[in-house]
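In: Quick one: sequence plus predicted model below, questions after.
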Amino acid sequence: MVETAALTLRDYRTDVKPIWCPGCGDFGVLSSTHKALVQLQLRPENVVIASGIGCSSRLPYFVKTYGIHGLHGRSLPLATGMKLARPDLTVLAYGGDGDMFSIGTGHTPHAARRNVDITAVCMDNQIYGLTKAQTSPTSVRGYKSKSTPYGSPDEPLNPVLLALASGASFVARAYSARAKELTDLLIKGIQHKGFAFIHVKSPCVEFINTYDMLDRLVEEMPVDHDPSDLQAAMNLAVTEEKVHVGVFYESERPVYEEVAHSWFKPTDFDADAFFRRF
Amino acid sequence: MVETAALTLRDYRTDVKPIWCPGCGDFGVLSSTHKALVQLQLRPENVVIASGIGCSSRLPYFVKTYGIHGLHGRSLPLATGMKLARPDLTVLAYGGDGDMFSIGTGHTPHAARRNVDITAVCMDNQIYGLTKAQTSPTSVRGYKSKSTPYGSPDEPLNPVLLALASGASFVARAYSARAKELTDLLIKGIQHKGFAFIHVKSPCVEFINTYDMLDRLVEEMPVDHDPSDLQAAMNLAVTEEKVHVGVFYESERPVYEEVAHSWFKPTDFDADAFFRRF
Amino acid sequence: MGKSEIIIRLAGEGGEGVISAGDMFTAGAARLGYQVFTFRTYPSQIKGGPAWYQIRVSDKSVLSMGDGVDVLIAFNEEGYRDHIGELNKDGVLIYDPDTVTPDGKGHTSYPVPFNEISRKKLDFFRGKNLVVLGTMSALFGLDPGSLEGMVRSRLARRAELLTKNLESLDHGYNYARKNIEKSDPYYLAATEKISRVVMGGNEAVAAGALAAGCRFYGGYPITPATEIFLTLAAELPKVGGVCFQAEDEMAAIGSVIGASIGGSKAMTATSGPGLSLMTEFLGYATIAEVPCVIADVQRGGPATGLPTKNEQSDFFHAVYGGHGDAPRIVVAPGSVEDCIYQTINAFNLAERYQMPVLLLSDQSLSHRTETFLPPDLSHVRLEERLTANGAAGAEFARYKLTENGISPVTIPGRPGTYSSPGLEHDEKGAPTTASKWHIAMTDKRFRKLDLAAKEGAASPRYGVRNAEIGIIGWGGTEGAIREAVDRAVAKGYKVAALHPKMVHPLTKGEIEKFVSPLKKVIVPEINYQGQFAHYLRGTLGIDVVRLNKYDGLPFCPGDIFQKIEEVI
Amino acid sequence: MGKSEIIIRLAGEGGEGVISAGDMFTAGAARLGYQVFTFRTYPSQIKGGPAWYQIRVSDKSVLSMGDGVDVLIAFNEEGYRDHIGELNKDGVLIYDPDTVTPDGKGHTSYPVPFNEISRKKLDFFRGKNLVVLGTMSALFGLDPGSLEGMVRSRLARRAELLTKNLESLDHGYNYARKNIEKSDPYYLAATEKISRVVMGGNEAVAAGALAAGCRFYGGYPITPATEIFLTLAAELPKVGGVCFQAEDEMAAIGSVIGASIGGSKAMTATSGPGLSLMTEFLGYATIAEVPCVIADVQRGGPATGLPTKNEQSDFFHAVYGGHGDAPRIVVAPGSVEDCIYQTINAFNLAERYQMPVLLLSDQSLSHRTETFLPPDLSHVRLEERLTANGAAGAEFARYKLTENGISPVTIPGRPGTYSSPGLEHDEKGAPTTASKWHIAMTDKRFRKLDLAAKEGAASPRYGVRNAEIGIIGWGGTEGAIREAVDRAVAKGYKVAALHPKMVHPLTKGEIEKFVSPLKKVIVPEINYQGQFAHYLRGTLGIDVVRLNKYDGLPFCPGDIFQKIEEVI
Ligand SMILES: Cc1ncc(C[n+]2csc(CCOP(=O)(O)OP(=O)(O)O)c2C)c(N)n1
Ligand SMILES: Cc1ncc(C[n+]2csc(CCOP(=O)(O)OP(=O)(O)O)c2C)c(N)n1
Ligand code: SF4
Ligand code: SF4
Ligand SMILES: [Mg+2]
Ligand SMILES: [Mg+2]
């Protein structure tokens, strides 16, 4: 890195034009991602962004790093394999609320408890955007869409609470319209050693425009909140009146891939010795 | 029911001999299930027990009710379809720790938040029994099995905490060796209107005999615990020194299938009217 | 005096009104008694990217999207460039001079400043589709009064938009009347006003399900199948059913199987990626003998592939997919109206043979609009599974080894309990690893499949009796094949086509009878591998000429006609 | 003087020592220089249910479990009843008179009170397997000193059990010497002590993976594939690799694909149910062109089916499973030793053609023990994917349309970034719905498959040159087929067999050349549908005589020999 010039935003932009509707919250997440990479001066070839399927999951095509546009709900398994095989790289996983908390629900708790050093970003618009406005697992109870025309009977899931309950070692929330904060949280998440979960409120202007509501409800973490206190974090996560942004929880514990690489000083495979044991 | 004699244990026993190893905790769960059905005097044909795959998931074959021995991890989707189609029946779902919290992780939070009136019983032996002793999602960190011969790098999942964080309206824990308590909790779970999650510590004598440890650690709910207080329940669930048994949380909210059947007074399908709209 | 038939294509960008203008023209034409067949394609994103819509409108029955384009309405330069090549010799180009610069070669062309009219004159850019519609009405003879009626009823609940919209329609109409000197032959003669159903394939599948007695749907959204789900979400609660949005496709089909064991007729619908995820549960429905219907609206594959494009490439998976020897039935409708009947058929087959039945639709069939007379479903025969009451308090021998393989089943709530097994089992459903039971139960499951083949309904056959060239088609290509056969027969070629609706198992005798006098058999398919052709050879040893297309679009009759001429 | 070969079967209940006694006899025999081939089956539960173990031991090479049984050791009444019918004419029955009452017909039989000796005499019931082993050693000529050595090394770390175990061995040996008057011909002559590998198919797959350079495994336990995972869990960390226990099979294959994009050679292993769950991701590896190896250890299906029984019924899914036109390669090893080579082959094919490669093993192959000389892997050729460095700071054209379809790939960490797509894409991997790209990329993906067929290695061929009857087999049936061919040729029949290892795509020319002079072709398979036979007809139009078996057990040479005589 010493010889090369500092990286700028242009170094992270691709030629692929974002497909998002004008005003979509996902633009904010994209631009904060670009900015976080610049601030961290991570070389594009040393970063991998995995994603699932959805409007939000198209993001990797718009960032000039390595990318994996995976399958619906499967960003975390892809990111996990990448990070375990290549602990030297910075690995991120992006997805929507449907992607990470409907079809992908089964992977999130395991990625969290394993503490693989991945930064997971859930772009939550409380709707299935790409398939044109069906109720999502974060849609509020009673929400009417064509998939629940008489109102959804389901209680929404709480992504922050679930991440906390699953053992994530870093949990935060941001709002796509507040770029600076979002960029800072992305940086913190990437710098955090271990699994970082960032819940981003990212409105869908086409189908459920929540900007006004969020502008009203979004609020900083209470100043006295201690992010090392899991119980306090969970209590804060269940309060419904406000949408708190900032770091809910942060702690350090051993990282999966380091543990897995600590048992042996690796040698080549010795076939003869192996067969001799049988 | 007026005309028929009271149902006894014999009415719930099948001719299929349990496959479990002598001393397996699952015998305790089976016999408490038989007893709960007797105490509730539920007619065998009005009860359906769905399960996944595992030693524990063989249970439906040993109870003379309707049963669905499903696929690994899928007891809850099967039970959900059954209950939505047949709200008149009592529906239960049984599975192991691997079944419900590894391959089935994705279904548990959704069954919980939907509040379909199902009683879900997780028979947790902290191991994959049927496939002969691999590390499970509830195995402790550092646990050595043939699948993690150098010690598991993963933090275990906390089933009770996850159920709470997912919005289950009834959450309890029991120990298979304490039959009376387990029977009572099964009865409470079945009587609870909504999704009830019961975490049962059920030791595997063949591969990881935890009876002694559990005998030491298992303890009643603190007398001052208020089961309507979600935050208190979560705080109790994260304490690691003791394995609390009893009801962690209980609340009432609308049940999915009742909401879904409340919108219309059903009529026959009128094809002509339907096509006229197109 | 005008042509009795016009093929109009609108091409532009997603979100620009291409699709909605097409939809409204279609609805208007149908109201006036014309018969319509449409095709649409658009990118798999909400805004932007190339979209086009084709309407074939006629006073006679139309079975396919037709050949070439008579009228191209280009919304933007790309729409012009990508499609001008398909404009027929006498064709007309309509374009917005703001965004399109035609190279002026050959065609009659009319510039209409759609953007300017809607944006500048009306200050209502969202009304652009209605400006286009007005222009189309003026040029091709759709009664503007009737179109106005349609717009009024569509916007009944959104009065605030109505005035602006009607104004837009008017402006488009008047602009064309005043400024365009019509020099083309395309003008629809008035036709008899017959009230027809105007419907897409997905809605037709939903209609079929409701008519078949389906009372449970468990699903997860996926393009291009979602409308089946959405239609049933609105309708099922009215008839006492439940429409359940699952967390994923495994949960969707799991809930369907649970509901079916509970006694409901139950279904799910999905597309390739979801079908792949349902694979393990398909095997479960086979071994536990649970009736259920899985509609697969095929799109371009593999993986996420081409979500909004057409392909018939899930045939292999439908027939062969899944581990183990796992029999199931596969049914494929040929047209929108047929979606109703084949969905009913799928439920009947599921109930009769107690196994999963796959319904193979495709993107084109699901999203195209066809017109047809309101179907009379009152005489349709509905099957119900063979049920029984067990003895009270006794376990029931649910998998009794009967001669035809079909065993009576008890339903929860009735005496005679059993446990539905995913493991191999004896007659009571109890797990066993004994060789004899695996042999007996495998035989039983395939006996049912053989029976289904034997009992299968006759397939439609088109063309001449003494054919020398045959076509065997399957699924949504039926209309295009039929038109090609008509054209070939009109030219004196000895051609016939067979179009089986149950595509697995095949009614062997019928196909062999069809094939035996033929010199050549063509199998047209929208996939690379010739999946049905391969299956035909593997199953019946029949060698065919393959006609494959895998560009994401449906067949035109001309594609098939050309192949006929090639092999003759 | 004795027989050069004995087939011994132990039958009893799971958990009774049937399996461990068999394993130890096998290990002991191999130590003494005999060649061994075993088969085992047991219920899919931890305790109870019928279990049996067969050992074929010889001083010559053995390729299958053989025909019938020379010595039956019945642990309980069921073990006697279920297996006595298979005892050969001269066969010997050994039984515990406490639990078995033979009907006394025909066979030589020796009662040995295994239970009494272990429980009463020794007060060490767990030692029953060693009592059995001692008896076997006395009766069939295995040197007891050598067995003792084996027991000592096995229990090296559990000294407290050693004495009791050796005592049990002794008692069994002495009981037989004192009380049994041997009247049967089965006694193994001493043989040359050659050190051989004694290994099962799953361990051999793991060995092949390690040798091929696999450094990432992502898996989820499932019978009968688990030992691949467990072996790699112990070994991979030693060579700098990672063995990852995933939460389910989607996560397993997802992690494998992630690791492979990261540049690792990566694999997973599973059985039918897991393979079905991996279906969507298989298509992803095809469209994104990610090299990876998926071992499928087939068991009885469908659904959970018969977890501990043998079947070759995942062929259809391996070749045809998954939505869309999704090419992949399928490889099937024929023996335990071949598991090593075909696993290396699978990695080579995956790397060369940048696609998923399925390795089809089966329950019998995975859990049987074979003996073979330590393989010399030092000269095995290893393929590495074609890589490139892109320009620094530039996006890389990862899917370049090359003549043979293979495109160079960049690896994270190197300049030249790209995004791996599940959507159809252009050369840079950017999503597109344009027809031309779907056509071009589909063609490219199938070009690679065609190339693989063209470059495929020659298949082993057995039997006479001028054969009239041919056999085409696949997978773990190779040994039984080969013995049947030897027997037929010895009888003067003109028979030959071809056993392709790459079963999809087929090396067409080779098969056609093999088949063309033949009068009849037999395809023996352990499944109901004749999956490979169907595929052969669908692909090459070759009609065959099917030989199907679906009782959960492998072929005996006699099954195949009989079919040869039938068609001759
Ligand atoms: C297996 C599978 N099922 C369903 C789909 C269809 N699908 C694509 S995106 C999506 C949901 C999108 O919602 P979300 O994840 O919230 O992303 P958003 O578009 O809102 O950003 C669905 C259901 C798919 N591509 N694959
Ligand atoms: C799809 C699929 N994957 C894997 C398996 C193999 N399998 C059967 S049971 C089991 C885990 C058993 O553990 P658990 O659920 O804790 O039940 P237990 O046996 O401990 O009661 C596994 C991995 C399977 N049957 N199906
Ligand atoms: S549909 Fe919604 S989420 Fe998707 S791009 Fe448009 S605004 Fe964004
Ligand atoms: S292996 Fe363990 S869990 Fe399974 S039956 Fe035996 S004791 Fe119970
Ligand atoms: Mg969303
Ligand atoms: Mg367990």
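Out: Thanks, I have it. Ligands and ions are numbered 1, 2, ... in the order given.
In: Leaving out sequence neighbours, find the closest residue to the most centrally placed residue in chain C.
Out: Nearest to the geometric centre of chain C sits residue C:365, at 2.6 Å (CA atoms, centre = their mean). Distances taken as CB to CB, 6 or more residues apart in numbering or on different chains place residue C:476 nearest to residue C:365, at 3.6 Å, with adjacent residues excluded. All C-beta spots, glycine's among them, are computed from the backbone N, C-alpha and C.
In: Need the three-state assignment for that neighbour.
Out: helix (DSSP: H, G, I helix; E, B strand; the rest coil).
In: and what of residue C:152?
Out: Three-state call for residue C:152 (three-state DSSP): helix.
In: near ligand 6, which residues of the stretch 1-150 of chain A?
Out: For the stretch 1-150 of chain A, the contact set with ligand 6 under CB under 5 Å from the ion is empty.
In: Any idea which residue of the stretch 1-150 of chain A lies closest to ligand 6?
Out: With CB to the ion, the shortest gap between the stretch 1-150 of chain A and ligand 6 falls at residue A:110, namely 15.8 Å.
In: so who does that residue touch?
Out: Going by CB atoms under 8 Å, 6 or more residues apart in numbering or on different chains, residue A:110 touches A:76, A:166, B:102, B:105, B:137, B:154, B:157, D:246-247, D:251.
In: any low-confidence regions in chain A?
Out: A:1-4 (pLDDT under 70).
In: Any part of the host helix or strand of residue C:215 near chain B?
Out: Residue C:215 belongs to strand C:214-219 when elements are defined using DSSP states H and E. Yes - judged by CB under 8 Å from any CB of the partner chain, strand C:214-219 comes into contact with chain B at C:215-216, C:218.
In: now, which of those residues lie close to chain A?
Out: Checking the residues of strand C:214-219 next to chain B against chain A (CB under 8 Å from any CB), there are no matches.
In: need the residues you listed in TSV with neighbour count, can you?
Out: Shown next, in TSV, are these (neighbours: other CB atoms under 10 Å in any protein chain shown):
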residue	neighbour count
C:215	22
C:216	29
C:218	30
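In: Just to check, residue C:188 is in contact with residue C:6?
Out: Yes - using CB atoms under 8 Å, residue C:188 is in contact with residue C:6, at 6.5 Å.
In: which residues of chain A fall in strands?
Out: A:47-51, A:66-69, A:90-96, A:118-124, A:170-175, A:196-201, A:218-220, A:243-250 (DSSP state E).
In: Which one of the ones you listed lies nearest to ligand 1?
Out: Ranking the strands of chain A by proximity to ligand 1 (CB to the nearest ligand atom) places strand A:90-96 first, at 2.4 Å.
In: Redo the strands of chain A as JSON lines? Include mean neighbour count.
Out: Below are the strands of chain A laid out as JSON lines (neighbours: other CB under 10 Å):
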{"stretch": "strand A:47-51", "mean neighbour count": "29"}
{"stretch": "strand A:66-69", "mean neighbour count": "30"}
{"stretch": "strand A:90-96", "mean neighbour count": "30"}
{"stretch": "strand A:118-124", "mean neighbour count": "29"}
{"stretch": "strand A:170-175", "mean neighbour count": "27"}
{"stretch": "strand A:196-201", "mean neighbour count": "29"}
{"stretch": "strand A:218-220", "mean neighbour count": "14"}
{"stretch": "strand A:243-250", "mean neighbour count": "21"}
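In: So which of the ones you listed is nearest chain C?
Out: For chain C, the closest of the strands of chain A is strand A:66-69, at 8.0 Å, according to CB to the nearest CB.
In: if we look at that closest one, which residues are touching it?
Out: Outside strand A:66-69, the residues that touch it by CB under 8 Å, 6+ apart are A:44-45, A:47-51, A:53, A:57-58, A:60-61, A:75, A:78-79, A:82, A:89, C:304, D:258, D:261, D:412, D:417-423, D:431.
In: How about stretch C:225-232?
Out: Residues contacting stretch C:225-232 (CB under 8 Å, 6+ apart): A:131-132, A:134, A:146-147, C:200, C:202-203, C:205-207, C:209-210, C:214, C:217, C:219, C:221, C:241, C:243, C:245, C:269-271, C:274, C:295-297, C:361, C:366.
In: same thing with stretch A:225-242?
Out: Outside of stretch A:225-242, the residues within contact range by CB under 8 Å, 6+ apart are A:158, A:160-161, A:164-165, A:171, A:217-219, A:221-222, A:244, A:246-251, B:165, B:230-231, B:234-235, B:238.
In: for it, how far is the first residue from the last?
Out: The first residue of stretch A:225-242 is 15 Å away from its last residue (CA to CA, to the nearest Å).
In: Check which residues of it are buried.
Out: A:225, A:227, A:230, A:232-237 (16 or more other CB atoms under 10 Å in any protein chain shown).
In: do the same with stretch C:125-134
Out: For stretch C:125-134, a neighbour-count test (16+ other CB under 10 Å) marks C:127-134 as buried.
In: ditto for stretch C:135-146
Out: Here stretch C:135-146 shows C:135-142, C:144 as buried, counting by 16+ other CB under 10 Å.
In: on that earlier part again, closest one to ligand 5 out of the buried residues of stretch C:125-134, please.
Out: residue C:129 (27.2 Å).
In: Wait, a strand at that closest one?
Out: No - applying three-state DSSP, one finds residue C:129 to be helix, outside a strand.
In: which residues sit in contact with residue C:18?
Out: By CB under 8 Å, 6+ apart, the contact set of residue C:18 is C:10-12, C:42, C:51-53, C:75, C:79, C:129.
In: Is the helix ranked longest in chain A positioned near ligand 3?
Out: If you go by DSSP state H, chain A has its longest helix at helix A:26-40. Yes - using CB under 6 Å from any ligand atom, helix A:26-40 reaches ligand 3 at residue A:26.
In: ok, of the residues of strand C:214-219 next to chain B, which one's closest to ligand 5?
Out: residue C:218 (20.8 Å).
In: measure residue A:157 to residue A:221 for me?
Out: Per CB to CB, to the nearest Å, residue A:157 is found 21 Å from residue A:221.
In: just residue C:425 next, same as before
Out: Using CB to CB, one obtains 57 Å as the distance from residue C:425 to residue A:221.
In: Which one's more surrounded, these two?
Out: Shown here are residue C:425 and residue A:221; by other CB atoms under 10 Å in any protein chain shown, residue C:425 has more neighbours (23 against 16).
In: Quick check: phi and psi at the closest residue to that one other than its chain neighbours.
Out: Of all residues not flanking residue C:425 in the chain, residue C:431 sits nearest, at 5.7 Å (CB to CB, 6+ apart). Main-chain torsions, residue C:431, degrees, to the nearest 10: phi -60, psi 140.
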